[in-house]
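In: okay, structure incoming, though there's no sequence with it:
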């Protein structure tokens with residue numbers, strides 16, 4: 001629910017969207033600072049692919065456990081305060097990872113990073129839905145999604161580039177911590193663009209209830225995000241390496257496959273943000289995008305391609321998956337009761353953490369077994385399943401319940 005009674009000046013909306021998007025991009029950036037360094041970290045501590053995947057699983061277990069709780073904290077104490085805490089935690093975690101003397105210590109700091117990550121979706125959508133004028137909300141969702149994909153795209157280039165230049169993966173992670181500190185400073189300086197004042201009446205009514213948990217659309221969205229994240233987790237963790245093994249792609253090109261995917265997904269979100277102006281088309285848009293991505297994954301698993309074609313296929317798959325982003329966020333907003341934005345987004349987006357915690361373990365085990373083709377066939381299957389879950393979201397979606405006066 002947008003709490004503004006009149007459209008805000010465009011400069012105010014732009015400032016809010018900009019700061020929230022930068023912070024969101026940094027949270028996604030930090031989700032992918034470790035997987036590109038698997039070859040170096042694995043060699044440093046003599047780890048298997050399954051053990052490396054467990055690093056990500058720990059991260060997302062803690063993010064899952066914290067995200068629903070974070071939604072309640074956001075509704076109770078204010079989104080901007082929670083945002084500062086989340087940025088501070090992921091910055092501290094990156095510094096701790098850089099200094100970790102052992103695999104066990106890395107697990108501890110991955111858990112801390114997961115706690116920092118858990119706050120961003122409840123925070124971001126609470127601020128955007130409250131501060132951004134309704135006519136610009138679709139664009140805000142698109143910018144928010146694009147910033148996340150850009151964060152994912154830039155992280156591998158950033159950490160691998162610094163590691164290659166300095167010969168130290170620890171220097172790369174320490175540099176991430178410094179970057180997070182700069183974003184935290186920016187958020188603090190622009191705090192007037194983040195402040196949210198909820199209507200007293202709505203806040204009092206919403207603070208007492210768990211009624212939103214009875215909405216079928218909330219749980220349909222949760223399942224959708226879980227399936228989506230499982231596919232995405234496969235792409236982010238081991239799919240590029242599996243593609244390299246199947247298609248003889250040089251290691252240097254394997255490192256940029258994920259960046260290409262994420263940039264293309266961001267471009268897809270631009271188109272998706274435009275198309276979502278008509279909410280009735282949201283399921284068709286999502287189904288079409290995921291259908292294209294599934295067919296590309298199937299082609300990568302069954303065919304044999306040159307390295308350049310592999311990069312093009314990663315771009316096409318990312319573009320297809322990216323189109324659905326703004327539509328999914330709109331569906332969640334439609335299922336959100338007034339005053340409960342943080343809680344609904346906290347529960348729904350915890351599905352992302354469930355999928356992301358399971359994917360590295362499953363795909364890491366497949367990598368250890370040499371099932372490179374199987375990884376891509378599994379991703380294609382899950383992307384196809386996403387079409388069914390998107391239809392289920394639409395079938396269960398209904399207007400949010402309004403608290404009684």
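Out: Looks like it arrived, so ask away. Keep in mind that this is a model prediction, so the values were computed, not measured.
In: can you tell me which helices and strands whatever helix or strand residue 231 lives in packs against?
Out: Here residue 231, judged by DSSP states H and E, is contained in helix 216-237. Packing partners of helix 216-237 (3 or more Cβ pairs under 8 Å, 6 or more residues apart in numbering; DSSP states H and E): helix 49-77, helix 251-275, helix 325-334, helix 341-368, helix 372-396. From N, CA and C alone the C-beta is placed, and that goes for glycine too.
In: just the buried residues of that helix, please?
Out: Of the residues in helix 216-237, those buried under the neighbour-count criterion (16 or more other Cβ atoms under 10 Å) are 217-237.
In: re the thing from before, where among the helices and strands packed on helix 216-237 is average confidence lowest?
Out: Of all the helices and strands packed on helix 216-237, the minimum mean pLDDT falls on helix 325-334 (a mean of 69).
In: low-confidence stretches in the chain?
Out: Scanning the chain for pLDDT under 70 picks out the ranges 1-8, 197-209, 277-279, 328, 331-341, 394, 397-405.
In: can you give me the neighbour number for the residue lying closest to residue 52 once chain neighbours are set aside?
Out: Using Cβ to Cβ, 6 or more residues apart in numbering and skipping residues adjacent in sequence, the residue nearest residue 52 is residue 38, 4.9 Å away. Close neighbours of residue 38, defined as other Cβ atoms under 10 Å, add up to 20.
In: in this structure residue 38 contacts residue 50, no?
Out: No. Here residue 38 does not reach residue 50: they are 11.6 Å apart, not a contact under Cβ atoms under 8 Å.
In: next, residue 116: secondary structure please.
Out: Three-state assignment for residue 116 (DSSP: H, G, I helix; E, B strand; the rest coil): helix.
In: any idea how far it is from residue 350?
Out: 15 Å (Cβ to Cβ, to the nearest Å).
In: okay if I get the helices and strands packed on helix 216-237 as a markdown table plus mean neighbour count and distance to residue 128?
Out: Shown next, in a markdown table, are the helices and strands packed on helix 216-237 (neighbours: other Cβ atoms under 10 Å; distance: least, Cβ to Cβ, whole Å):
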| stretch | mean neighbour count | distance to residue 128 |
| --- | --- | --- |
| helix 49-77 | 22 | 12 |
| helix 251-275 | 22 | 13 |
| helix 325-334 | 24 | 9 |
| helix 341-368 | 25 | 9 |
| helix 372-396 | 20 | 20 |
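In: with distance to residue 42 added, can I get these in JSON lines?
Out: Supplementary listing: the helices and strands packed on helix 216-237 in JSON lines, determined by distance: least, Cβ to Cβ, whole Å:
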{"stretch": "helix 49-77", "distance to residue 42": "6"}
{"stretch": "helix 251-275", "distance to residue 42": "14"}
{"stretch": "helix 325-334", "distance to residue 42": "32"}
{"stretch": "helix 341-368", "distance to residue 42": "11"}
{"stretch": "helix 372-396", "distance to residue 42": "17"}
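In: which one of those lies nearest to residue 175?
Out: helix 251-275 (17.1 Å; Cβ to Cβ).
In: beyond that closest one, next helix or strand please.
Out: Immediately after helix 251-275, counting by DSSP H and E, sits helix 282-302.
In: the next helix or strand after that next one vs helix 251-275, what angle?
Out: Heading C-terminal from helix 282-302, the first helix or strand you meet, by DSSP H and E, is helix 307-323. Here helix 307-323 runs at 30 degrees with respect to helix 251-275, directions being taken by axes from the mean of the first three to the mean of the last three Cα atoms, to 10 degrees.
In: give me the angle between helix 307-323 and helix 282-302.
Out: Using the same axes, to 10 degrees: helix 307-323 against helix 282-302 is 160 degrees.
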